[in-house]
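Q: Curious how this folds, go ahead:
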Amino acid sequence: MRKKVVVGMSGGVDSSVAAYLLKEQGYDVIGVTMQIWQDEEESVQSQNGGCCGLSAVDDARAVAQHLEIPHYVMNFKREFKENVADYFVEAYLKGLTPNPCIACNRYVKWESLLHRSLEIGADYIATGHYARVSKLPNGRYAIKNSATASKDQTYALYNLTQYQLSHTLMPVGEYTKEEIRQIAESVGLPVANKPDSQEICFIPDNDYASYIDKAAEGRVPGRGKFVTKDGTVLGEHLGITHYTIGQRKGLNLAMGHPVFVTEIRPESDEVVIGEAEDVFGDTLFCNNINFMGMEDLTEPREALVKIRYAHKGERCTIEKVDEDLVKCSFHAPVRAITPGQAAVFYEDGYVLGGGVIIK
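A: Numbering: from 1, shown residues only. Got it, this is the predicted structure:
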């Protein structure tokens, strides 16, 4: 009997080709587009062609018709608001820089979609992520780097559970982006040349501060002080939600040379400014740990650690210093260790685990 797989179809070329590849591999494929933040207004629909805009529904439906597979729209607006949008806002109010895609992957695309897919009799869910799922010799499932380093999306998937991974397929991870577009063209998919989405899907204009200001309903701290590490006041800033660690542009400080944000202090509404060398650090601590390729961290071990999506990674010694606290000691200083972002541990191209940077 054919295994049934629900493919999360965003209307983009990657998830569309994922559905095609799985059908070719003999799976019983069902396409599902998740409605997560969109309004029903036509103006919003026409403006947002990103990963989750309403035009995504039309594009995904067209692909499903072309592939002759069923297509459904499932509403996950409540789950998205609670686990992604609200989390994003609250993190910025605390002076953090969150990664909403990680939260969306863990709690919406996997937890909610997988739960509903299994309810309707599916064996797996699948996405168009550039990553691979492998079962390691130790019996654990882990995300493995994709065939193409330039599009690799493993960093944003470190938080998935063993149960979720055991029910996950990622066929796109075996290909480069160019190969995926070639496949789409060769089989006549209507989204073969659709551009990739770049921005956070629920903030299509990329104006985070305005979004947070509106969503937080009067709780956004106003202007505060730019200060040096020793407390010298340099000027006034727009509010802590406008800044992130390592930021240079948009500070409007006449210092005569480039300066950078080195720390955000939500308790005093201060943004600390320093020199280029002050942005580098060699130690971080992270919590909310999710172990993936390893069951636990019982003794210090070496790993490659990435501290943001585009970071190539740095060799590091990781050690558990409390039940839910890992210390990462880098072998060479890394730039802009940013609380709220994830630290993801790799070994031989596999994700060992990761956590949320707290300092």
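Q: Run the chain-centre distance for stretch 236-246.
A: Its chain's C-alpha centre and that of stretch 236-246 lie 22 Å apart, by Cα atoms, centre = their mean, to the nearest Å.
Q: So for it, first residue to last residue, what's the gap.
A: The first residue of stretch 236-246 is 18 Å away from its last residue (Cα to Cα, to the nearest Å).
Q: For the remainder of this discussion, apply numbering that starts at 14.
A: Taking 14 as the first residue, the last one we looked at is stretch 249-259.
Q: how about the strands of the stretch 64-213 of the chain, start to end?
A: Under the criterion DSSP state E, counting those that start in this stretch, strands of the stretch 64-213 of the chain are mapped to 84-88, 137-139, 144-148, 154-158, 181-182.
Q: possible to save these as a markdown table with mean pLDDT, mean neighbour count and distance to Ala31?
A: Where you see a C-beta, it was placed from the backbone N, CA and C, and this is true even at glycine. Listed next are those as a markdown table, based on pLDDT from 0 to 100; neighbours: other Cβ atoms under 10 Å; distance: least, Cβ to Cβ, whole Å:
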| stretch | mean pLDDT | mean neighbour count | distance to Ala31 |
| --- | --- | --- | --- |
| strand 84-88 | 93 | 15 | 14 |
| strand 137-139 | 97 | 23 | 6 |
| strand 144-148 | 96 | 18 | 11 |
| strand 154-158 | 95 | 23 | 16 |
| strand 181-182 | 97 | 22 | 8 |
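Q: What's the local residue count around Ile302?
A: Look at Ile302: counted by other Cβ atoms under 10 Å, it has 21 neighbours.
Q: for it, helix, strand, or coil?
A: strand (DSSP: H, G, I helix; E, B strand; the rest coil).
Q: so where does the closest residue to it other than its chain neighbours fall, helix or strand?
A: Distances taken as Cβ to Cβ, 6 or more residues apart in numbering place Gly368 nearest to Ile302, at 4.2 Å, with adjacent residues excluded. Here Gly368 is covered by strand 363-370, with elements defined by DSSP states H and E.
Q: and the angle for that strand with strand 154-158?
A: Computed by axes from the mean of the first three to the mean of the last three Cα atoms, to 10 degrees, the angle separating strand 363-370 from strand 154-158 equals 90 degrees.
Q: returning to what we had before: and Gly294, which of the strands of the stretch 64-213 of the chain is closest to it?
A: Minimum separation from Gly294 across the strands of the stretch 64-213 of the chain (Cβ to Cβ) falls at strand 154-158, 25.4 Å.
Q: Which residues are in contact with the residue nearest the centre of the chain?
A: For the chain, Cys114 is the residue whose C-alpha lies nearest the centre (Cα atoms, centre = their mean; 3.0 Å). By Cβ atoms under 8 Å, 6 or more residues apart in numbering, the residues touching Cys114 are Ala169, Ile213.
Q: ok, back up a step: show residues contacting the strand holding Gly368.
A: 147, 149, 155-158, 167, 170-172, 297-307, 310, 316, 320, 339, 350-359.
Q: Looking at it now, give me its mean pLDDT.
A: In this model, strand 363-370 has a mean pLDDT of 97.
Q: Now that strand - C-alpha only, PDB.
A: Presented in PDB, the C-alpha positions along strand 363-370 are these (Å, rounded to 0.1, in the frame of the first residue of the first chain):
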ATOM      1  CA  TYR A 363      24.600  16.800  10.900                       C
ATOM      2  CA  VAL A 364      22.800  18.900  13.400                       C
ATOM      3  CA  LEU A 365      23.600  17.700  16.900                       C
ATOM      4  CA  GLY A 366      21.200  20.200  18.500                       C
ATOM      5  CA  GLY A 367      21.000  23.800  19.400                       C
ATOM      6  CA  GLY A 368      19.400  26.400  21.700                       C
ATOM      7  CA  VAL A 369      18.500  30.100  22.000                       C
ATOM      8  CA  ILE A 370      21.300  32.500  22.800                       C
END
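Q: any idea of the pLDDT on Phe304?
A: At Phe304, the pLDDT recorded in the model is 97.
Q: my guess is it contacts Ala316, does it?
A: No - the pair Phe304 / Ala316 is not scored as a contact, 12.0 Å apart, by Cβ atoms under 8 Å.
Q: Between the two, point out the one with more neighbours.
A: Neighbours per residue (other Cβ under 10 Å) separate Phe304 from Ala316, with Ala316 holding more: 25 against 20.
Q: Mind listing the residues bridging to the more buried one?
A: Cys329 (DSSP bridges).
Q: list the contacts for the closest residue to Leu264 other than its chain neighbours?
A: Nearest residue to Leu264 in three dimensions, chain neighbours excluded: Val272, at 6.7 Å (Cβ to Cβ, 6+ apart). By Cβ under 8 Å, 6+ apart, the contact list for Val272 reads Arg261, Leu264, Leu266, Ile286, Gly287, Glu288.
Q: Quick check: phi and psi on Val272?
A: Backbone geometry at Val272, expressed as degrees, to the nearest 10, gives phi -130, psi 170.
Q: Tell me the spacing between it and Glu290.
A: 11 Å (Cβ to Cβ, to the nearest Å).
Q: Repeat that for Ile43.
A: Taken as Cβ to Cβ, the span from Ile43 to Glu290 is 54 Å.
Q: Cool, thanks, talk later.
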